[in-house]
Each structure stands twice: as structure tokens, then as C-alpha cells.
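Novice: predicted coordinates and the sequence they were generated for:
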Amino acid sequence: MRYKYRRNLSAASVGALAACLTLGLTPAYAAPGEATVGGDLLTGKGKIVSLGVDSDPLPVVRAKTWVVANADTGEILAAKGPHILRAPASTLKILTALTVMPQLDPTTPIKAKKRAVNTYGSKVGLVRGRTYSANDLFHALLLPSANDAAIALAQGTGSLKSTLNQMNQIADSLGAFDTVANNPSGLDSPGQVSSAYDLATIGRSALALPYLRDVVGKKRYKFSNKKKSKTVYNTNRMLLTNFTGTIGLKTGFTTNAGRTFIGAAERKGTTYIVSLMGIKEASADAAEKLLSWAFANGDSVTAVGVLGQNTLPVQSAASPTREKITDPVIARGLSIKEIQTATAGTSLDGLAIGWMLLFSAIIAFALYGIRSAFTQRKNRLSSTPKGKISLEG
């Protein structure tokens, strides 16, 4: 059984959405009280940048969506389709780590259970019933992107279901309202989505945790085994290209998502972060082009938006008393991801989906009217005496 955190729109919500579209309002990506999270410029599918007189043009980056921002201030230097919903792949593991790290001491022993051992995709090779340290599992999670480690860590804080609930609450608290986590690994799942804006926001928050920052910056790690340790390697090629100031973070790839990436680098006391989704070139190459542009032009461009907050809530994920989000539509406002249950990995933006909903509602209403008229006519005809012609209806 998979735990689904789908955001289902009620009939009233669909009606409100249709009204917003009819009136020309913008319900997509909206938190309560905001038109567009991060700034009104962060809409649409195109590139968004405000170049200065001496600024270099944006580099050519082959990716569906991306964001490059100052991780220190949260200011977004440039973006492309920052709120378009796509499958996040393993970049979601940063949210997993951000959620469970505050709850687990690195020495905490965690026993591998059946669900973790039997998962598919990238794995470190956990053995059912064997105990591993949280430290080993965190390195397996963030370097070779082990899905079995992701589930083991999620189960190690209580239960998989509670951890997923916490992940979604953490995303909410950071202002990452486009993100819906259905599993801790990032494996493709209907309705599991995020955006370049959210991944940059989540990545920025991760940089504020020294332990997490240390782990993602390692090229390799000796993973403990009962008989002997084995070396696991980081999938982030930015750590191997000698790109100046590389901090690291996370790669991702699935069939639906394509390549996804979160990366960061620091030079002369300034840190920039980049997130990309639907990458059509080497992830490290795409990230390095945007980061190089940011370091060269960060002082000459005007910010086009701002990332969400980079600190966890006071009542952190470690608290077992956090209430489950029982009505995400109310909790997050009218956000298009609530209806994104079968298009994970697509780049349909909120307006397109909104119009689809509106047209579907109109068609459904029309069909209902036709059916009602047909039923009434049939009833009238059945009551007409045989041999006589009725001109009614």
C-alpha cells in the first residue's frame, strides 16, 4: 500500500477555480492571500530575468524549468517556469533528509524492514533484520541515492505514513506549496510533484543544516557492512568537475521526471543555489552554466522574486504531536497541484489545467442536461396512447 497525499478538489473548490478563471484571476500556485508564491513575476513557462546595463545574457540551458537564486538572501536572479509542476525524482530525498535529520542522532540504530529491503531502483543493499546507523543511511540516501535507505530512515522516525505527513507539512512551512510527497525516495508516483521554485527553497533550507551540508559535499563514503564496509559514491558530478566553490546537494532521474537537480556553490562569502527539472543535457553542465552566470552577474541584475523561508518551524518535524493536514485545499489555498493526480512528470501549468477543469465542468453539465431532457421526453412518450402522435416536448 502506498500512502497517497493527493490534493482532491471538492465541487465547491472546482466552482471557485472556474470563477477565478472566468474573472481573470490567478489561482495557480497560490498560498492563502498570495497571487503567486515568491512574487507576481514568477508565472508562466518562459524565462524571467531583469538584466542590468552591464549584465551578461542568460546562458543557453536545456531544461524545462529552473531557478537560480542567492541562497543567502533568497533573492531569485532568474528563472524559467519556476512554478510548473513536474515529478521531482530523487531531489525529493533532500526534503526527506530535511524532515528526518532533526529527529535522529547519527548513531541511532535503525533496523531494515521488509518494505525498505524490497523497494526497487537505486539501492545500497540493506539486509532485512540487520541494524544500520542513521549516519550510514543518510550517506546512502544522499550519495548513491539509495531508495532502500530512504524508506528505512522514514520508518526509523516512527512510521512511513507519519514521516510523509511531516514532509508535506515541512514543505508547507517553507512556502513550498507546489510540492506533494507520496514517498520518501522520489520514485514516480501519481500526484507526486514539485517545482523548480520549491526545490530551490527546499535546497536552501538544507544548506542551513551543517550535518546535511557536510554529507552532500562528500564524493564517497564507506558504508558499514556486517562483514566488511563498501564504498558508495556520490552521483553529483559537480563534485568531480572541480567547479570552484561546489557545495553539492542532489541529483535525480526517473522515467517521468527525466533529469532533475539541486546544486549550490559558494565563492567569496556568497552562496548561489540552482534547481533544474526536465534537464536535456548533463545535469552538472546545466547547473554550472547558471551558477557561473550568477557569480558573474549577481550584483548587476534585479531580483525577480524571492524563495520561501530557509528555516524549519519552531515546532519542528521532530515533534510527534504535529497535526496531520486533513484538508490540504484549505491549508494551502487553491493550488493546481491538488488536482494533479495522474500527470506527474508533465509540464502542464496551472492555467492550462484550470481551463481543462472548466471545460470539463461545462461538458459534464451539458451532458447532464441532455440526459435529463432525454429522460423526460422518454417518460412523456411512454405515457402517450398508442396510435396518437404527441407534439409535446
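Specialist: Cool, the structure landed.
Novice: which residues are in contact with the most centrally placed residue in the chain?
Specialist: The centroid of the chain falls nearest to Ser194 when counting by C-alpha atoms, centre = their mean (2.2 Å). Counting by C-beta atoms under 8 Å, 6 or more residues apart in numbering, Ser194 touches Leu85, Arg86, Ala87, Pro88, Thr91, Leu92, Ala176, Asp178, Thr179, Val180, Ile202, Met277. Using the backbone N, CA and C atoms, a C-beta is placed for each residue, glycine as well.
Novice: most neighbours among these, which one is it?
Specialist: Scoring the contacts of Ser194 on neighbours with other C-beta atoms under 10 Å, the highest-scoring entry is Pro88 at 35 neighbours.
Novice: okay, the residue lying closest to that residue once chain neighbours are set aside: pLDDT?
Specialist: Nearest residue to Pro88, sequence neighbours excluded (C-beta to C-beta, 6 or more residues apart in numbering): Ser194, at 4.0 Å. Here the pLDDT value assigned to Ser194 is 99.
Novice: element containing Ala294, please.
Specialist: helix 283-297 (DSSP states H and E).
Novice: remind me what that helix packs against, helices and strands.
Specialist: strand 63-70, strand 75-80, strand 258-267, strand 270-279 (3 or more C-beta pairs under 8 Å, 6 or more residues apart in numbering; DSSP states H and E).
Novice: at 10 Å instead, please
Specialist: With contacts taken as 3 or more C-beta pairs under 10 Å, 6 or more residues apart in numbering; DSSP states H and E, helix 283-297 sits against strand 63-70, strand 75-80, strand 250-254, strand 258-267, strand 270-279.
Novice: re the thing from before, who does the residue nearest to the centre of the chain form a beta bridge with?
Specialist: Beta-bridge pairing of Ser194 under DSSP bridges involves Arg86.
Novice: so Gly39 touches Gly175, yeah?
Specialist: No. Assessed by C-beta atoms under 10 Å, Gly39 is found out of contact with Gly175, at 11.6 Å.
Novice: shared neighbours, these two?
Specialist: Tyr197, Val306, Leu307 (C-beta atoms under 10 Å, 6 or more residues apart in numbering).
Novice: any idea where the helices of this structure begin and end?
Specialist: 11-22, 92-100, 114-117, 134-142, 147-156, 160-174, 196-207, 210-216, 283-297, 328-332, 350-382 (DSSP state H).
Novice: how far is the fifth one from where the chain is centred?
Specialist: When you say that, I think you mean helix 147-156. Centroid separation for helix 147-156 versus its chain: 19 Å, with C-alpha atoms, centre = their mean, to the nearest Å.
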